[in-house]
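>>> Sequence and predicted structure below; questions after.
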Amino acid sequence: MAAILAFAGSNSSTSINFKLVKHTVSLVQGYDIQILNMAEHPFPVFSEDLEKAEGYSSSLKELNGQINSANGLVLSVNEHNGNPSAYFKNVLDWLSRLDRKFLEETKVLLMSTSGGKRGGKGSLAVVENMLPRFGAEVVATFSLPSFYDTFDEDDILDKDLKNEHQSALETFLDSLK
């Protein structure tokens with residue numbers, strides 16, 4: 001059975017991207033799914049001085065192990081000023097120092113959402129370009145605009161967006177077979 005690791009690129013306790021991740025994996029059957037709430041995983045700001053002085057934290061090594069154990073990632077990235085959050089970029093920086101190809105042979109369903117009409121597309125595009133540098137294969141993407149208008153507690157309300165989301169999910173799951 002293929003293993004899927006699911007998380008958002010946000011460390012906010014009220015992350016709408018994490019809500020989208022949880023909704024997405026709730027639609028998946030027949031896979032070993034692990035969901036991470038990144039609000040529970042703080043990492044110091046990366047610096048070479050800190051890396052030399054303290055090395056790699058056990059939480060970073062654990063996250064790297066979880067990623068390496070997964071066949072696929074369901075990831076939704078938040079957006080700050082058109083880019084991924086500093087938190088998520090920092091996580092990528094740490095992981096890439098531990099193992100440059102930490103996503104080698106990993107399939108990714110990359111998503112984004114925001115309260116705005118663009119749905120985090122700026123961040124989505126940046127991360128879609130970054131992940132292959134670490135070995136990932138982004139097999140499908142999905143952006144959910146206007147989260148507070150298009151999503152309720154457990155579903156995507158807009159029929160076209162719901163179909164687009166389902167199609168991206170199916171493409172991702174087919175890639176794991």
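Everything's here; your move.
>>> which residues of this protein fall in helices?
16-26, 48-54, 58-69, 86-98, 121-130, 147-150, 159-175 (DSSP state H).
>>> Contacts for the third one, please.
If you take C-beta atoms under 8 Å, 6 or more residues apart in numbering as the criterion, helix 58-69 is touched by 3, 5, 34, 36, 41, 43, 73, 91, 94-95, 98-99, 102-103, 106. To be clear about C-beta, it is placed using only N, CA and C from the backbone, and glycine gets the same treatment.
>>> Same question for the last one.
Contacting residues not belonging to helix 159-175 are listed as 24, 27-28, 31, 72, 74, 107-109, 111, 137, 139-142, 144-145, 150, 155-156 [C-beta under 8 Å, 6+ apart].
>>> Name the residues of it that are buried.
For helix 159-175, a neighbour-count test (16 or more other C-beta atoms under 10 Å) marks Leu161, Glu164, His165, Ala168, Leu169, Phe172, Leu173, Ser175 as buried.
>>> Centre-most residue in this protein?
Nearest to the mean C-alpha position of the chain, counting by C-alpha atoms, centre = their mean, stands Leu75 at 2.0 Å.
>>> Write the PyMOL selection for whichever of the contacts of helix 159-175 are buried.
In PyMOL, a selection of the buried entries from those looks like this (16+ other C-beta under 10 Å):
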select buried, resi 24+72+74+107+108+109+111+139+140+141+142+144+145+150+156
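>>> Centre of this structure to the edge, which residue is at the far end?
Going by C-alpha atoms, centre = their mean, the residue of the chain most distant from its centre is Ala53, 29.2 Å out.
>>> before we move on, back to that, closest one to Asn17 out of the contacts of helix 58-69, please.
Lowest distance from Asn17 to the contacts of helix 58-69 (C-beta to C-beta) belongs to Leu36, with 12.4 Å.
>>> Which pLDDT does the model give the residue nearest to that closest one when sequence neighbours are not counted?
Of all residues beyond its chain neighbours, the one nearest Leu36 is Phe7 (4.0 Å), with distances taken as C-beta to C-beta, 6 or more residues apart in numbering. Per-residue pLDDT puts Phe7 at 98.
>>> do the same with Met1
We have a pLDDT of 84 for Met1.
>>> any idea how far it lies from Asn71?
As for Met1, its distance to Asn71 is 9 Å (criterion: C-beta to C-beta, to the nearest Å).
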